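Asks: Here is my input; please provide its structure:
(one chain, ligands or ions: 2)
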Amino acid sequence: MKICCLGAGYVGGPTMAMIAYKCSDITVTVADINEARINAWNSDELPVFEPGLDDVVKAARGRNLFFTTDKVTAIKEADIIFVSVGTPTKTYGAGAGKAADLKYIELCARDIAEHSDRSKIVVEKSTLPVRTAQGLKTVLSANTREGIDFQVLSNPEFLAEGTAIEDLENPDRVLIGGEEETEAGRAAIETLAKVYEYWVPRENIITTNLWSSELSKLVANAFLAQRISSINSISALCERTGANVDQVAYAIGRDSRIGPKFLKASVGFGGSCFQKDILNLVYLCEYFGLPDVAAYWEQVIIMNDWQKSRFSQKIVTTLFNTVNGKRIAMLGFAFKKDTNDTRETAAMYVGRDLLDEQAVLAVHDPKVSREQIFKDLKESETDAEGNPNPLVDICDDPYEAAKGAHGLAVMTEWDSFKDLDYKKIYEGMYKPAFIFDGRNILDHEALREIGFEVFAIGGK
Ligand SMILES: NC(=O)c1ccc[n+]([C@@H]2O[C@H](COP(=O)([O-])OP(=O)(O)OC[C@H]3O[C@@H](n4cnc5c(N)ncnc54)[C@H](O)[C@@H]3O)[C@@H](O)[C@H]2O)c1
Ligand SMILES: O=c1ccn([C@@H]2O[C@H](COP(=O)(O)OP(=O)(O)O[C@H]3O[C@H](CO)[C@@H](O)[C@H](O)[C@H]3O)[C@@H](O)[C@H]2O)c(=O)[nH]1
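Replies: Ligands and ions are numbered 1, 2, ... in the order given. Okay, the predicted model is just below:
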């Protein structure tokens with residue numbers, strides 16, 4: 001069997017690497033139009049940082065895992081074609097700011113139709129609005145030769161960044177949606193299920209109709225993000241009342257009906273998925289004439305935006321209502337630990353707010369590149385004469401970032417931040433020295449003993 005995947009991004013790369021790693025008799029080819037990305041997948045410096053990914057790629061690459069820019073050959077040879085291209089929020093026309101932009105998906109469908117000379121299974125791996133498969137099938141069948149049949153399946157990906165390999169190796173479930181009502185549809189579902197069965201127990205492979213599968217992906221993300229916005233809303237109430245949000249989260253999470261996960265209060269959720277997918281859900285509800293349902297889910301985003309801006313305002317008001325010219329150390333820039341991804345990271349929004357207030361930002365992140373940080377902050381590294389940007393200082397070392405700072409903000413929950421020498425950090429900072437723990441990961445009592453003024457999300 002031959003599998004191809006269009007899109008070698010955060011999902012396509014690791015997912016296909018895992019399939020190749022687990023199924024040594026299946027040839028897996030990942031094709032992308034971005035040559036630099038493909039070159040990186042073929043090098044020692046993979047374009048995605050994920051714990052364990054290097055080993056999986058090294059074990060399979062060149063054996064039965066290939067990365068290429070030649071999508072035509074990859075499509076031609078494949079029995080199953082995964083589509084794993086981006087589905088960002090639309091920035092233009094109808095639905096701008098909410099709906100998913102499906103242009104990359106449609107281009108893939110047209111490529112698949114043009115270059116296929118036999119029937120194939122096409123798998124939606126990207127996260128898509130419910131009923132996209134309908135459009136996909138229409139484009140495929142309108143552009144293909146007679147006698148060729150495409151079975152479209154929905155197989156959303158539930159991996160989280162930072163734990164991608166663990167999640168792929170041991171998924172809670174694999175979801176496959178297809179045309180359950182036809183024999184060909186059921187056969188296609190079975191063919192894909194057999195691939196996953198190489199390593200996933202059959203009882204963890206769920207099969208549904210197409211629309212349930214497409215919708216379940218959006219709903220899973222909406223429910224997860226809703227839990228974070230819910231606990232973040234309570235963090236504000238904790239700060240006013242003397243309750244401690246981590247204690248509240250623990251107490252409610254012990255109820256097995258609520259459960260302990262995704263109740264960590266924070267400076268706000270980030271990442272490429274939650275906001276985009278909830279906006280997509282909101283758009284769908286509006287489109288299908290359900291404004292009350294749309295408003296309900298939109299509140300998850302509104303609360304998240306509020307949490308981010310509340311954090312920047314807290315820094316400004318605490319630092320005596322001005323951060324003009326003051327150095328603020330930001331520890332962490334990635335949207336969560338163990339990833340170099342900064343898409344929608346809370347750090348970017350807080351950083352921009354502080355720059356608007358004319359603070360000097362000293363940013364340290366163990367994995368994010370300086371170019372990326374400048375780009376996300378919408379700042380340039382140098383001015384026209386080549387002088388370094390006086391407002392943004394990217395530091396390889398957290399101690400250097402904190403040196404001469406008035407305040408230090410923990411933006412990402414990197415484990416290494418817990419073990420820093422805070423006494424040394426304190427000595428290098430202006431007094432009073434403020435710490436704003438946007439992730440509630442530090443030992444606040446110990447910090448207060450050193451002399452820090454500590455602000456923690458949710459009043460710890
Ligand atoms: N990032 C995640 O953790 C995650 C998890 C689950 C689901 N998803 C979903 O998976 C999809 C992909 O996300 P991602 O994070 O991997 O995106 P990404 O931007 O990292 O990767 C997409 C890749 O597709 C390539 N591409 C675009 N058009 C192409 C074409 N016609 N042919 C071949 N390649 C093409 C791009 O060059 C890019 O490298 C999205 O729908 C996303 O919502 C993402
Ligand atoms: O209790 C929590 C849990 C997470 N977060 C934040 O929420 C964001 C998202 O975290 P996480 O969900 O772990 O990472 P993602 O890689 O965005 O994964 C989500 O989005 C993916 C893309 O759709 C899905 O596949 C995953 O199942 C879903 O967890 C990050 O900023 C986290 O710091 C919190 O603030 N508190």
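Asks: Check which helix or strand residue 219 maps to.
Replies: For residue 219, the host element (DSSP states H and E) is helix 210-241.
Asks: just checking, what packs against that helix?
Replies: Helices and strands touching helix 210-241, by 3 or more C-beta pairs under 8 Å, 6 or more residues apart in numbering; DSSP states H and E, are helix 132-142, strand 150-154, strand 174-178, helix 245-253, helix 274-287, helix 291-318. Heads up, the C-betas are built off the backbone N, CA and C, glycines and all.
Asks: by how many degrees do that helix and helix 132-142 diverge?
Replies: 150 degrees (axes from the mean of the first three to the mean of the last three C-alpha atoms, to 10 degrees).
Asks: and helix 210-241, does that touch ligand 2?
Replies: Yes - applying C-beta under 6 Å from any ligand atom, one finds helix 210-241 in contact with ligand 2 at 221, 224, 228.
Asks: Which pLDDT does the model give the last one?
Replies: Residue 228 carries a pLDDT score of 98 in this model.
Asks: Neighbours of it, how many?
Replies: By the criterion of other C-beta atoms under 10 Å, residue 228 has 21 neighbours.
Asks: now the residue lying closest to it once chain neighbours are set aside: how far from ligand 1?
Replies: Residue nearest to residue 228 in three dimensions, not counting chain neighbours: residue 269, with 4.8 Å by C-beta to C-beta, 6 or more residues apart in numbering. For residue 269, the distance to ligand 1 equals 13 Å [C-beta to the nearest ligand atom, to the nearest Å].
Asks: Tell me the predicted confidence for residue 269.
Replies: You'll see residue 269 listed with a pLDDT of 98.
Asks: Report the contact partners of it.
Replies: Applying C-beta atoms under 8 Å, 6 or more residues apart in numbering, one finds that residue 269 lies in contact with 225, 228, 229, 275, 304, 335, 346.
Asks: Dump those residues into TSV; add distance to ligand 1 as well.
Replies: Shown next, in TSV, are the contacts of residue 269 (distance: C-beta to the nearest ligand atom, whole Å):
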residue	distance to ligand 1
225	13
228	16
229	19
275	11
304	17
335	10
346	17
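Asks: Please identify which two of these are farthest apart in space.
Replies: Greatest spacing in these, by C-beta to C-beta: 229 and 335 (15.4 Å).
Asks: who's more crowded, those two?
Replies: residue 335 (26 against 22).
Asks: My guess is the more buried one contacts residue 341. True?
Replies: Yes - if you go by C-beta atoms under 8 Å, residue 335 and residue 341 touch, sitting 6.0 Å apart.
Asks: okay, and the common contacts of the two?
Replies: 161, 271.
Asks: Alpha carbons of stretch 118-132, as CSV, please.
Replies: Listed next in CSV are the C-alpha coordinates belonging to stretch 118-132 (Å, rounded to 0.1, in the frame of the first residue of the first chain):
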residue,chain,number,x,y,z
ARG,A,118,-7.4,5.3,-10.7
SER,A,119,-9.9,5.3,-7.8
LYS,A,120,-8.5,6.5,-4.4
ILE,A,121,-9.4,7.2,-0.9
VAL,A,122,-9.0,10.9,0.1
VAL,A,123,-8.7,11.6,3.8
GLU,A,124,-9.5,15.0,5.4
LYS,A,125,-6.8,15.3,8.0
SER,A,126,-7.1,19.1,8.3
THR,A,127,-9.7,20.5,10.6
LEU,A,128,-12.7,21.5,8.5
PRO,A,129,-16.2,23.0,8.8
VAL,A,130,-18.9,20.4,8.9
ARG,A,131,-20.1,19.4,5.4
THR,A,132,-16.7,20.2,3.7
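Asks: Could you list the buried residues of it?
Replies: 120, 121, 122, 123, 124, 125, 126, 127, 128, 129, 130, 132 (16 or more other C-beta atoms under 10 Å).
Asks: quick one, what contacts residue 38?
Replies: Contact analysis of residue 38 by C-beta under 8 Å, 6+ apart lists 8, 31, 32, 67, 68, 69.
Asks: cool, and residue 407?
Replies: Residue 407 touches 315, 318, 319, 323, 326, 328, 329, 433, 434, 435, 436, counting by C-beta under 8 Å, 6+ apart.
Asks: quick check, nearest of those residues to residue 47?
Replies: Checking the contacts of residue 407 against residue 47 with C-beta to C-beta, the nearest one is residue 329 at 28.6 Å.
Asks: Just want the angle from the strand or helix carrying that closest one to helix 291-318.
Replies: Using DSSP H and E, residue 329 falls within strand 327-331. With the same axes, to 10 degrees defining the directions, strand 327-331 sits at 130 degrees from helix 291-318.
Asks: Check which helices and strands strand 327-331 sits against.
Replies: So strand 327-331, by 3+ C-beta pairs under 8 Å, 6+ apart, packs with helix 346-356, strand 360-364, helix 398-402, strand 407-410.
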